[in-house]
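Trainee: Sequence first, then the predicted structure, then my questions.
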Amino acid sequence: MWKLLATISKNLITAIPVMMIAGFLYGYVHPAGAAWLKVLIIPFTFLMVYPMMVTLKLKKVIEGGDGKAQLLTQLINFGIVPFIAYALGRLFFPGQPFAALGLLLAALLPTSGMTISWTGFAKGNLEAAVKMTVVGLILGSLATPFYVQWLMGAHVPVNVGATFRQIVVIVFLPMLAGYLTQTFLIKKYGPKGFQEQWAPRFPALSTLGVLGIVFIAIALKSQDIACRPDMLVSILVPLLVLYGINYLLSTLVGKLFLPRGDAIALVYGTVMRNLSIALALAINVFGKTCSDAALVIALAYIIQVQSAAWYVKLTDRIFGKPAGV
């Protein structure tokens with residue numbers, strides 16, 4: 001089973017479209033039956049978020065040495081990207097506030113396990129990437145209710161208190177459970193045993209949760225997609241623009257201000273978004289009225305994974321080869 005899950009995780013760019021097609025067909029053929037899928041949202045949300053918390057290295061936050069990269073990363077994540085997403089949402093989704101909200105949610109929750117993985121593939125600074133992931137996740141979780149209220153409060157009903165409660169359930173409780181699980185496994189098997197035997201298994205479980213949520217989100221939206229297939233194109237265009245601007249901005253900042261390893265970590269610490277938590281928030285906070293937002297975030301997975309793979313191939317051309325190669 002672990003080998004199968006690991007294979008699926010390595011082929012996310014294929015697995016997500018397959019689950020989107022399967023979800024569409026299920027929801028289209030059995031529109032009434034798609035409704036019962038809602039009871040699976042909470043279990044799949046937990047399966048999606050908790051495993052990624054088990055491998056999170058919270059203690060890395062207090063380590064120093066790359067302050068400039070960390071500061072620039074969070075400035076981009078919270079001072080620039082959310083406002084670009086908001087402007088694109090107003091431009092491309094003038095009559096679809098929940099689609100605009102989906103774009104904003106994707107922009108407000110930076111970094112994920114992908115930040116660390118792709119920084120490693122590109123031979124960037126892994127320690128900096130780990131720290132960016134932890135800081136970005138905590139800051140994004142705390143700031144999201146305020147940004148959403150501030151930027152989208154006039155267009156969609158936003159209950160800041162309810163959003164915070166959901167964030168506690170979706171982010172901070174799994175974070176606590178993940179930390180306790182990590183502590184138990186390290187104590188029982190040792191740091192090496194945890195790192196080699198257990199840590200690689202949890203991201204695969206998270207992938208299973210992501211695929212389940214993507215299936216549900218598309219199944220619930222299938223009738224609308226069947227009536228308006230052009231909707232997918234209208235969503236993909238602003239997503240491509242958002243990711244394109246983010247890559248360009250991060251690359252320029254990295255080239256101008258940081259050494260190679262830190263610059264690569266900054267790129268993946270700003271462009272990779274925590275779409276799993278954004279998707280969980282969209283579905284659990286805003287419910288069925290937010291299916292447009294869930295569809296935007298589900299499609300963002302395709303662009304995020306594919307663009308990260310392409311960027312790895314360009315890394316040496318942009319930042320030069322790593323020292324000693």
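Mentor: Everything's here; your move. Numbering: from 1, shown residues only.

Trainee: for the stretch 1-150 of the chain, which spans come out with low pLDDT?
Mentor: 60-62, 64, 113 (pLDDT under 70).

Trainee: isn't S234 right next to P94, touching?
Mentor: No. Judged on Cβ atoms under 8 Å, S234 makes no contact with P94 at a distance of 11.3 Å. C-beta here means a position set from N, CA and C on the backbone, and glycine is covered the same way.

Trainee: Have a look at those two and say which one is more surrounded.
Mentor: S234 (13 against 10; other Cβ atoms under 10 Å).

Trainee: contacting residues for the more buried one?
Mentor: Residues near S234 by Cβ atoms under 8 Å, 6 or more residues apart in numbering: F92.

Trainee: Which element, helix or strand, includes it?
Mentor: If you go by DSSP states H and E, S234 is part of helix 230-257.

Trainee: how far is the following helix or strand past that helix from where the chain is centred?
Mentor: The first helix or strand that comes after helix 230-257 along the chain, using DSSP H and E, is helix 260-271. Using Cα atoms, centre = their mean, to the nearest Å, the distance from the centre of helix 260-271 to the centre of the chain it belongs to is 16 Å.

Trainee: go on, stretch 206-216?
Mentor: With Cα atoms, centre = their mean, you get 13 Å for stretch 206-216.

Trainee: Could I get the buried residue list for that stretch?
Mentor: 206-216 (16 or more other Cβ atoms under 10 Å).

Trainee: Quick check: phi and psi on the residue nearest the centre of the chain?
Mentor: Closest to where the C-alpha atoms of the chain average out (Cα atoms, centre = their mean) is N274, at 2.0 Å. The phi/psi pair for N274 (degrees, to the nearest 10) reads phi -90, psi 80.

Trainee: Repeat that for T111.
Mentor: Per degrees, to the nearest 10, the backbone of T111 is at phi 70, psi 150.

Trainee: ok, now which ones touch N11?
Mentor: No contacts exist for N11 under Cβ under 8 Å, 6+ apart.

Trainee: ok, the closest residue to F319 other than its chain neighbours - contacts?
Mentor: Excluding its sequence neighbours, the residue lying closest to F319 (Cβ to Cβ, 6 or more residues apart in numbering) is R260, at 4.6 Å. R260 makes contacts with 124, 319-320, 322-323, as judged by Cβ under 8 Å, 6+ apart.

Trainee: any chance of those residues in JSON lines, plus neighbour count, secondary structure and distance to K221?
Mentor: Formatted as JSON lines, the contacts of R260 follow (neighbours: other Cβ atoms under 10 Å; DSSP: H, G, I helix; E, B strand; the rest coil; distance: Cβ to Cβ, whole Å):
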{"residue": "G124", "neighbour count": "28", "secondary structure": "coil", "distance to K221": "36"}
{"residue": "F319", "neighbour count": "21", "secondary structure": "helix", "distance to K221": "39"}
{"residue": "G320", "neighbour count": "10", "secondary structure": "coil", "distance to K221": "44"}
{"residue": "P322", "neighbour count": "14", "secondary structure": "coil", "distance to K221": "43"}
{"residue": "A323", "neighbour count": "9", "secondary structure": "coil", "distance to K221": "48"}
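
Trainee: Can I get those in JSON lines including distance to Y179?
Mentor: JSON lines is the format used below for the contacts of R260 (distance: Cβ to Cβ, whole Å):
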{"residue": "G124", "distance to Y179": "26"}
{"residue": "F319", "distance to Y179": "34"}
{"residue": "G320", "distance to Y179": "38"}
{"residue": "P322", "distance to Y179": "32"}
{"residue": "A323", "distance to Y179": "35"}
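
Trainee: Looking at these, which gets the smallest pLDDT?
Mentor: On pLDDT alone, A323 ranks lowest of the contacts of R260, at 72.

Trainee: got a pLDDT number for the closest residue to that residue other than its chain neighbours?
Mentor: Leaving aside its sequence neighbours, A323 sits nearest to R260 (Cβ to Cβ, 6+ apart; 8.0 Å). pLDDT, R260: 93.

Trainee: now R260: how far from K321?
Mentor: R260 sits 9 Å away from K321, going by Cβ to Cβ, to the nearest Å.
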